[in-house]
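Colleague: Only the shape, not the letters, is given here:
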């Protein structure tokens, strides 16, 4: 594959991945903080932290790029529950699908919809939820067809959205600046839950344990908070360092986390210690996912749209 560094220079004129959130913010309500200013501040911090990053990247890292997306933004990744070779990539124009573990991609059936987050239910309840800017849709046939999901949420600007395959009807959402809400009926009705102190004033990454729908993790900047009672109470835990952009929970151990940050990809072990994994993304890690059918398989997409995959929990990365 021909990958020249002029790609990075050209991409400098574009705001990709999570940076598009700042441009797309909706005016907050009187009770909500200024999420546009917050996101802009986060982007400024990332820009400083990442200044000149691509000039130090090695050719070895470029050899690990399986694919490079040309989308205007990078939002979310999700593995199929049963097939570790099938991955769904969410962006501002819908969903793309890979059936060969990230090497090639095609357009999915959902198009023209912002897919900032995804939740996929159990095989015996094949629900696939997607949420983003003014969009909340669900498929009940494995992603072949999609329908908007009506709800009583106070806003449909859903930057932060998650759920657990263990209970495909239990969902969590944070409408921009309006607090945490939870649903037990697949998103039709929602009730307010509690955010950790200060979490309503900062951008947040959220993940739910695949084997326990009541265990919820929230990350803001470099901090991690966990609730084991569906968002009623929270405990603060150490973060990996750096600003957390993306977060997911290992399907075989809900104490094991993967965090995509401006400093790279980190894995938290069951003893609470964080390990900096040996991959040099081009910019920050914008999306991360772990296969439920094969928990040693990890995929990420970086700020520039590069796809990487590991088949041994991030210890080594597959070359193209």
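Modeller: Received the coordinates, thanks. A quick note: this is a predicted structure, and the numbers were derived from the prediction, not measured. Numbers count the residues shown, from 1 in each chain.
Colleague: Low-confidence regions, the stretch 201-320 of the chain specifically.
Modeller: 201-203 (pLDDT under 70).
Colleague: quick one: residue 158 from residue 64, how far?
Modeller: Between residue 158 and residue 64 the distance is 32 Å, computed by CB to CB, to the nearest Å. Just so you know, the C-beta spots here come from the backbone N, C-alpha and C atoms, and that holds for glycine as well.
Colleague: out of these two, which sits in the more crowded spot?
Modeller: Set residue 158 next to residue 64 and count neighbours by other CB atoms under 10 Å: residue 158 wins out with 24 against 20.
Colleague: in terms of contact, does that one touch residue 132 like I think?
Modeller: Yes - because the distance of 6.3 Å satisfies CB atoms under 8 Å, residue 158 is recorded as touching residue 132.
Colleague: now the helices: where do they sit in the stretch 51-200 of the chain?
Modeller: Taking DSSP state H, counting those that start in this stretch, the helices of the stretch 51-200 of the chain run over residues 59-63.
Colleague: Show me the strands in it, by range?
Modeller: Taking DSSP state E, counting those that start in this stretch, the strands of the stretch 51-200 of the chain run over residues 67-68, 76-79, 87-91, 94-98, 106-111, 117-120, 128-132, 135-139, 147-148, 158-164, 167-175, 181-183, 191-192.
Colleague: Which other helices and strands does the fifth one contact?
Modeller: Think strand 106-111. strand 94-98 (3 or more CB pairs under 8 Å, 6 or more residues apart in numbering; DSSP states H and E).
Colleague: quick one: the strand it packs on to strand 106-111, angle?
Modeller: Angular relation of strand 94-98 and strand 106-111 on a 0 to 180 degree scale: 150 degrees, by axes from the mean of the first three to the mean of the last three CA atoms, to 10 degrees.
Colleague: elements contacting strand 94-98?
Modeller: Identification of packing neighbours for strand 94-98 by 3+ CB pairs under 8 Å, 6+ apart yields strand 87-91, strand 106-111.
Colleague: can you list those strands in a markdown table and add mean neighbour count, distance to residue 268 and mean pLDDT?
Modeller: A markdown table is the format used below for the helices and strands packed on strand 94-98 (neighbours: other CB atoms under 10 Å; distance: least, CB to CB, whole Å; pLDDT from 0 to 100):
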| stretch | mean neighbour count | distance to residue 268 | mean pLDDT |
| --- | --- | --- | --- |
| strand 87-91 | 26 | 22 | 93 |
| strand 106-111 | 14 | 31 | 89 |
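Colleague: deepest of the strands of the stretch 51-200 of the chain, which one?
Modeller: The highest mean neighbour count among the strands of the stretch 51-200 of the chain belongs to strand 128-132 (a mean of 28), with neighbours defined as mean count of other CB atoms under 10 Å.
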